[in-house]
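**Student:** I'd like to go over a predicted model; first the sequence, then the structure.
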Amino acid sequence: MAIGEKLWAGKAKTMGMTIKGLTAEGVSLEATWMAQLMGDGRAKGIDGAMTYSGMIMMGPNGAGWSHGQGMFNIMSGDMAVVKGSGFGKVEDMKGKSVGLMSFMTMAPKLAWLNSVVALVTLVGDPMWTEFDVEIWEWK
């Protein structure tokens, strides 16, 4: 398998973060972010806003796993839901994360998303308040 073409890119902001628990393994957090995404390649012209919430288990070293879900509202009025999992860390004074995302939609013109698995990268400030999002098709 290989990375295919870039589908979306944009800017995101964390809308809220809540500590859900503390253990010897680390901190459990719930975070929600919102991104304005512009379509590229196969998704050219499919622009919109993605709202995503996830649970993060962050270890004492600041690295952690996340699992979440969200919705992608397209400017045309169509919508897709998303599910994802990823791994993030802080390195060189930047927050970095990579993960996989899948889509589900009933919109006929977005039906191709139902079979897409996407590779998602997030890079931003070390506190995850603002970051860049890129979504690539995974072939």
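**Tutor:** It's in.

**Student:** drop to CA atoms for contacts and neighbour counts, all remaining ones
**Tutor:** Will do.

**Student:** got the contact list for the longest strand along the chain?
**Tutor:** The longest strand of the chain (DSSP state E) is strand 3-23. Contacts with strand 3-23, where a contact means Cα atoms under 8 Å, 6 or more residues apart in numbering, come from 27-44, 119, 128-139.

**Student:** likewise for stretch 95-114?
**Tutor:** By Cα under 8 Å, 6+ apart, stretch 95-114 touches 78-90, 115-128.

**Student:** that one: end-to-end distance?
**Tutor:** In stretch 95-114, first residue to last residue: 29 Å (Cα to Cα, to the nearest Å).

**Student:** do you know how far residue 113 is from residue 79?
**Tutor:** 11 Å.

**Student:** ok, residue 39 next?
**Tutor:** Taking Cα to Cα, one finds residue 39 at 14 Å from residue 79.

**Student:** derive a PyMOL selection command for the buried subset of the contacts of stretch 95-114.
**Tutor:** Buried members of those can be picked out in PyMOL with the line below, counting by 16 or more other Cα atoms under 10 Å:
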select buried, resi 78+79+80+81+82+83+84+85+86+87+88+89+90+116+117+118+119+120+121+122+123+124+126+128
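
**Student:** strands - which of the contacts of stretch 95-114 land there?
**Tutor:** 79-90, 117-124.

**Student:** if we can go back for a sec, and the longest strand of the chain, what's its mean pLDDT?
**Tutor:** For strand 3-23, mean pLDDT is 96.
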